[in-house]
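Participant: Got a predicted structure plus its sequence, pasted below:
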Amino acid sequence: MSFPSGTVLLFGYIFFTFELFTYGIVLSIAFLNLAVICPTKILHVNLKSILITQTCAEMLYVLVRSVMLVQKFTFNDPFAPSDVNLQSIIICDSLFRHWLGHVLIIERFLATVRTNSYENFSKFGFTLAWFGTTFIIAFLNTITNGESWTVTQFNLITQTISTLLSLIEYLVSDNVKTAKQLSPTFLCLFLSNLFMNFLYSAIAFNMVTESYQISLTRAFGIWADAVFGAAIELTMMTHHPLLKRRMVTHLKKIFCIKGNQIGDITNSPAVQVIPSAATVGPMNRREETNLYFKRLEQSWQR
């Protein structure tokens, strides 16, 4: 077993410092996402619960990793092994978020095929089913891993299946009415799974053998996974017409930007102006849902 050179140690300190700084930005995006999603009533309760769970999992992932980085700096050894329990949480959380992306396309597919009745489809059993299934898959992969710095055949097979599924979901998302505007989100989900698949393969097939090499590879994978998670949340807000408006409003409040106009308005006879809930008064759930789909159709026509 060889030891890292001084140059490698310096690179480790620089990268881990940069990683810790990045997590501050990722957390800011996660908090913004919660501020945008939690108060809204226009999203279906099933979609809303998935998005909130995804954001909370991302926040837990970043916070746990930040604690691991602080420990490295405390011990003055960037390649010192972190607490086993924290490493297990990181692995389980990452797998949970990856499989949660598959739940998102299933929920959007149900919203498409059951457009007229889906507004009343908010059974707790659906939430319990997807949460339980994704957690069990992540938990089984974690406990069968044995050692956090290794990748078992079961881990590699599970991640490969997840990558293939995410590719299919991205390809079909453009044909799913209620998922069409979220195609960039599904692209980020696929890229995240693909990158993790490369990482698992590198470790499983001994492309990296030294302990410090595996530590750096894992660290880069964890960092990239967190960045992809932030990209998923950003695209969710920027490509969903209603969430985008709320995001812009929150950003204007944060940066104290005044103005009555959120975006440019183009005069087009093909686009019908849809009144907002504030201008038409109180609406029931069915009216809100109809307004939601009209706004989506209007955004796709632009």
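Facilitator: Cool, got the structure.
Participant: switch to C-alpha atoms for all contacts and neighbour counts from now on
Facilitator: Fine.
Participant: If you count neighbours, what's buried in stretch 8-16?
Facilitator: For stretch 8-16, a neighbour-count test (16 or more other C-alpha atoms under 10 Å) marks 9, 12-13, 15-16 as buried.
Participant: ok, these vs Met68, which is closest?
Facilitator: Phe16 (10.2 Å; C-alpha to C-alpha).
Participant: Which of the three states applies to that closest one?
Facilitator: helix (DSSP: H, G, I helix; E, B strand; the rest coil).
Participant: From Ile25, how far off is it?
Facilitator: Relative to Ile25, Phe16 is positioned 15 Å away (C-alpha to C-alpha, to the nearest Å).
Participant: Repeat that for Thr40.
Facilitator: 23 Å.
Participant: Next: Gly221.
Facilitator: Gly221 is 17 Å from Ile25, by C-alpha to C-alpha.
Participant: The two: which has the busier surroundings?
Facilitator: Gly221 (18 against 13; other C-alpha atoms under 10 Å).
Participant: low-scoring pLDDT stretches of the stretch 51-200 of the chain, where are they?
Facilitator: 115-123, 146-149, 177-180 (pLDDT under 70).
Participant: ok, 80 please
Facilitator: 77, 79-82, 108, 110-126, 145-150, 173-182 (pLDDT under 80).
Participant: swap in the stretch 201-302 of the chain?
Facilitator: If you take pLDDT under 80 as the line, the stretch 201-302 of the chain has these spans: 208-211, 239-242, 256-302.
Participant: Mind doing that once more with 90?
Facilitator: 201-219, 221, 233-302 (pLDDT under 90).
Participant: quick one on the thing from earlier: put together CSV for the buried residues of stretch 8-16, with pLDDT on each row.
Facilitator: Converted to CSV, the buried residues of stretch 8-16 look like this (pLDDT from 0 to 100):
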residue, pLDDT
Leu9, 86
Gly12, 86
Tyr13, 88
Phe15, 91
Phe16, 90
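Participant: Could you find the closest non-adjacent residue to Leu9?
Facilitator: Pro78 (7.1 Å; C-alpha to C-alpha, 6 or more residues apart in numbering).
Participant: dump the residue contacts of that neighbour.
Facilitator: 9, 12-13, 16, 72 (C-alpha atoms under 8 Å, 6 or more residues apart in numbering).
Participant: separation between it and Ser88?
Facilitator: 19 Å.
Participant: which residues of the stretch 1-150 of the chain fall in helices?
Facilitator: 6-37, 45-74, 84-113, 124-143 (DSSP state H, counting those that start in this stretch).
Participant: isn't Ala80 right up against Lys72?
Facilitator: Yes - counting by C-alpha atoms under 8 Å, Lys72 is a contact partner of Ala80 at 6.4 Å.
Participant: Which residues belonging to whichever strand or helix holds Ser201 are considered buried?
Facilitator: Under the criterion of DSSP states H and E, Ser201 resides in helix 183-204. Buried residues in helix 183-204, counted by 16+ other C-alpha under 10 Å: 183-197, 199-204.
Participant: what inclination does that helix have with respect to helix 84-113?
Facilitator: Angle, helix 183-204 to helix 84-113, by axes from the mean of the first three to the mean of the last three C-alpha atoms, to 10 degrees: 150 degrees.
Participant: Residues contacting helix 183-204, please?
Facilitator: 98, 101, 150-153, 155-156, 159-160, 162-163, 166-167, 169-170, 173-174, 208-209, 214, 217-218, 221, 224-225, 228-229, 231-233, 235-236, 239.
Participant: Quick one: buried ones out of these?
Facilitator: 98, 101, 151-152, 155-156, 159-160, 162-163, 166-167, 169-170, 173-174, 214, 217-218, 221, 224-225, 228-229, 231-233, 235-236, 239.
Participant: Now do the phi/psi pair for Phe255.
Facilitator: Per-residue torsions, Phe255: phi -100, psi 10 (degrees, to the nearest 10).
Participant: same check, this time on His44
Facilitator: According to degrees, to the nearest 10, His44 has phi -70, psi 150.
Participant: I'd like to know how far it sits from Cys38.
Facilitator: 12 Å.
Participant: Who has more neighbours out of the two?
Facilitator: His44 (18 against 13).
Participant: okay, the more buried one: pLDDT?
Facilitator: Per-residue pLDDT puts His44 at 78.
Participant: domain assignment for this structure?
Facilitator: 6-251, 266-301 (automatic domain parsing).
Participant: that older thread, and the helices of the stretch 1-150 of the chain as TSV, adding distance to Lys253?
Facilitator: Shown next, in TSV, are the helices of the stretch 1-150 of the chain (distance: least, C-alpha to C-alpha, whole Å):
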stretch	distance to Lys253
helix 6-37	12
helix 45-74	22
helix 84-113	30
helix 124-143	33
